[in-house]
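Student: Everything below, folded, please.
(2 chains)
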Amino acid sequence: MKIKARAKGETVNVKMLLKHPMETGRRKDKDGNTVPAKHITEVLAQYQGEPIFHAEFGTSVSKNPFISFLFKGQAGEKVAITWTDNTGETLSGESTIK
Amino acid sequence: MSLNRRKFISQLSKAFGISAIAVAFPNITWAAWHKQAFSTDKLSDAIELRYPGLAVIDSNDVTFKAPAIAENGAVVPVSVKTNIKNVKSISLFVEKNPTPLSASFNLSPRSIADISVRIRMGQTSKVYALVEADGKLHRAEKEVKVTIGGCGG
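Tutor: Sure thing, here's the model as predicted:
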C-alpha cells in the first residue's frame, strides 16, 4: 500500500492507495464462472497508538481503493494503516508525516 | 456463491478480521463492519440499518463533490466535507447500485470532517452523502450520469 501523510500546520492530510481487487462477487470470468467476492471491509488508521479514523467498505468501492482524510496531528509522527477484507486477509503499513 | 459459503466467509472474516481489531483496540467505540447495511439492496433499508432511528435533514452545510458525468462508472471520485461540529461518521449511498451503501467513514475527536474516496456506480443514479452529527443525519445529494457502468456482471 502507498501512504502519504503531509502536515500543514496542525492539519495532516493522509492519502492512501490500497492494492486490492475489490471483487464484488457479481462479476463472471471468461468461462462464465462467478468470481467470488473479495473486498476490503474495514480500514483502520492509527496515530500514536490511538485509532483516529475507520472506513467501512461495501463492494462498490473502486478496485485499488483510494482514500483521503484529514486529522489534527504533527509532522514527524507516524500514521499506521491496517485493512481487513471479507476473507480475513489483512495488511498493515505506516508512513511518517512530512 | 451458495448461501453456506457466504455464511462461512462472513464467519471467517468475523473470526479473523473484525474481532482482531476489537481485541487490539479495546477503546475503540466504532461498531464492527455493518454487514447487513452493506448487503441490502434498497436505499431506505440501507440508511435505516446503518443509522437506525436517526432523522434525515437536507443540509447546505455539507459540501459534496461528485462529477456530473462519469465516463467510467468503475472509478467515480467523490469527496465530502463539512463545518458541522461533532461529526461522528460520513456515509455514501448510491441509490441504484445493487447494494446502495458504498462506504462509511467513522471519525474520531482528532478528525477534520473532510474525506475523499473513489466509488463504483453501475448506472446513472443519485448519490447521497450523509453526515452523522449529534444524532442527526445531514444529507447532500448529487446526480451522477454514468456512461459505462462499473459494477461487473
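
Student: Report the contact partners of residue 34.
Tutor: If you meant another chain, say so; for now it's chain A. Neighbouring residues of residue A:34 by CB atoms under 8 Å, 6 or more residues apart in numbering or on different chains: A:25-28, B:1. Just so you know, the C-beta spots here come from the backbone N, C-alpha and C atoms, and that holds for glycine as well.

Student: wrong one, chain B
Tutor: By CB under 8 Å, 6+ apart, the neighbours of residue B:34 are A:56, B:49-50, B:101, B:104.

Student: 7 Å instead?
Tutor: Residues in contact with residue B:34, defined by CB atoms under 7 Å, 6 or more residues apart in numbering or on different chains, are A:56, B:49-50, B:104.

Student: Give me the subset of those lying in strands.
Tutor: Among those, the members falling in strands (DSSP state E) are A:56, B:104.

Student: and the two most separated of the contacts of residue B:34?
Tutor: A:56 and B:49 (12.3 Å; CB to CB).

Student: Neighbour count for those two, which is higher?
Tutor: Taking neighbours as other CB atoms under 10 Å in any protein chain shown, residue A:56 and residue B:49 compare with residue A:56 leading, 26 against 17.

Student: Hmm, residue A:40 and the more buried one touching each other?
Tutor: No: if you go by CB atoms under 7 Å, residue A:56 and residue A:40 don't touch, sitting 9.3 Å apart.

Student: What is the burial count for residue B:109?
Tutor: Residue B:109 has 9 nearby residues by other CB under 10 Å.

Student: Please apply the same query to residue A:21.
Tutor: Neighbours of residue A:21 (other CB under 10 Å): 13.

Student: Check whether it sits in a helix, strand or coil.
Tutor: Put simply, residue A:21 is coil when judged by DSSP: H, G, I helix; E, B strand; the rest coil.

Student: Who are the contact partners of residue B:109?
Tutor: Residue B:109 makes no contacts at all, as judged by CB under 7 Å, 6+ apart.

Student: is it fair to say it lies in a helix?
Tutor: No: according to three-state DSSP, residue B:109 belongs to no helix; its state is coil.

Student: Please determine how far residue A:22 is located from chain B.
Tutor: 8 Å (CB to the nearest CB, to the nearest Å).

Student: Low-confidence bits of chain A, can you list those?
Tutor: In the predicted model, chain A carries no residue with pLDDT under 70.

Student: can you list the domain ranges for chain B.
Tutor: B:1-30, B:34-148 (automatic domain parsing).

Student: Kind regards, and thank you for your time.
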